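Novice: Got a sequence here, can you model it:
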Amino acid sequence: MTNFKSTFFGLILASCLLSPVAVKAVGLQVTPSEINIQSQSGQPASAEILVKNPSPEVGLFEVYPDDFENMIFPSPASFLLESGESRSVLVKTQFREAGIFKTNLSVVSKPLSDSSLNALGGLKIPISIEIKKPANQNLASLFSWFGQNEKELVGLLAFVGILLFLFIVFRSLFKKNQLS
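Specialist: Take a look at the predicted model:
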């Protein structure tokens with residue numbers, strides 16, 4: 001009898017573990033599969049992705065960068081999609097420093113149903129942002145130095161003015177000596 005009980009409970013336990021549990025998940029498709037952006041420092045740039053809900057469920061979708069949250073802005077960052085529906089998401093960037101910045105753009109979906117076992121679906125889209133220095137970066141930094149150092153600027157302008165004055169005086173004296 002004990003052998004029968006252990007076999008019976010073993011079968012019940014196995015059937016509980018192997019029986020399908022109702023778990024709902026919302027699928028997603030994102031194109032393109034990677035994002036490459038090029039810009040100049042301080043200039044905004046953007047790229048566009050298309051998010052699609054291929055599942056039969058209505059889903060809530062969220063888009064966010066894994067890093068550089070203060071410089072990469074998806075819009076909209078959160079939205080609903082019906083079954084088969086798609087939505088364009090604009091990914092705006094603005095970096096102040098030159099360099100190559102790499103991270104992932106996470107796209108996560110979850111069903112809106114009240115089921116206690118909801119599975120999240122998600123993708124990570126590699127994003128590479130190349131920021132170059134503008135050609136006039138050195139001139140801009142020179143002007144910013146002048147804006148911060150007014151006394152030095154006044155001194156420099158006075159020095160250039162004196163040199164210009166001396167050049168004109170010596171030039172006129174030289175011309176007078178040549179004429180006489």
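
Novice: For this structure, which segments count as strands?
Specialist: 24-25, 29-31, 35-40, 45-52, 59-65, 72-75, 78-81, 86-93, 99-111, 118-119, 121-132 (DSSP state E).

Novice: which of the ones you listed has the lowest average pLDDT?
Specialist: Ranked by mean pLDDT, those bottom out at strand 24-25, which scores a mean of 45.

Novice: on that earlier part again, nearest to residue 176, of the strands of the chain?
Specialist: strand 35-40 (53.3 Å; C-beta to C-beta). Glycine gets a C-beta too; all of them are placed from N, C-alpha and C.

Novice: buried stuff in that closest one?
Specialist: Using 16 or more other C-beta atoms under 10 Å as the test for burial, strand 35-40 gives 35, 37, 39-40.

Novice: Which residue is the nearest non-sequential neighbour of the residue nearest the centre of the chain?
Specialist: Centrality entry for the chain: nearest residue to the mean C-alpha point is residue 72, 2.7 Å, by C-alpha atoms, centre = their mean. Leaving out its chain neighbours, the residue that sits closest to residue 72 by C-beta to C-beta, 6 or more residues apart in numbering is residue 65, at 4.0 Å.
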